[in-house]
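A.B. asks: take this sequence and fold it.
(one chain, ligands or ions: 1)
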Amino acid sequence: MTASHSTCNCVVLASGSAGRVLGCPDCGAIHLALPNLSLRLKLEELRELSALVGKAQRLLDDAQARLSKDRAAGLPLH
Ligand SMILES: [Zn+2]
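C.D. replies: All right, here's what the predicted structure looks like:
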């Protein structure tokens, strides 16, 4: 098993309003730090999570775009 996160010497890989992604060069752990949630992942787990969230986001964006288009088409011109 890997060392506990408290001993990790993480570097910030990405940072934004949603949170931060940190990586430990010693044990390879990826730390996903969100405002109310913190996840410790392996690189492959982060990859799968990213793909999963990306897929859901694309579906939601497509649905929203379709809904906006339908609403726009249903609105009177004046
Ligand atoms: Zn570590």
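A.B. asks: can I see the domain layout of the chain?
C.D. replies: 1-41, 43-78 (automatic domain parsing).
A.B. asks: which of those domains sits most buried?
C.D. replies: Using mean count of other Cβ atoms under 10 Å, the stretch among these with the largest mean neighbour count is domain 1-41, at a mean of 13. Placement of C-beta: from N, CA and C, glycine included.
A.B. asks: other SSEs contacting the helix or strand hosting residue 60?
C.D. replies: Using DSSP states H and E, residue 60 sits within helix 43-74. Under the contact definition 3 or more Cβ pairs under 8 Å, 6 or more residues apart in numbering; DSSP states H and E, helix 43-74 sits against strand 30-34.
A.B. asks: the strand it packs on near the ion at all?
C.D. replies: No: Strand 30-34 is not in contact with the ion by Cβ under 5 Å from the ion; minimum separation 8.8 Å.
A.B. asks: so what strands line up beside that strand?
C.D. replies: Strand 30-34 pairs in its sheet with strand 19-23 (antiparallel), strand 37-41 (antiparallel), by DSSP bridges.
A.B. asks: so the spatially most central residue of the chain versus residue 32, what's the distance?
C.D. replies: Closest residue to the average C-alpha location of the chain: residue 50 at 5.7 Å, with Cα atoms, centre = their mean. Residue 50 is 10 Å from residue 32, where distance means Cβ to Cβ, to the nearest Å.
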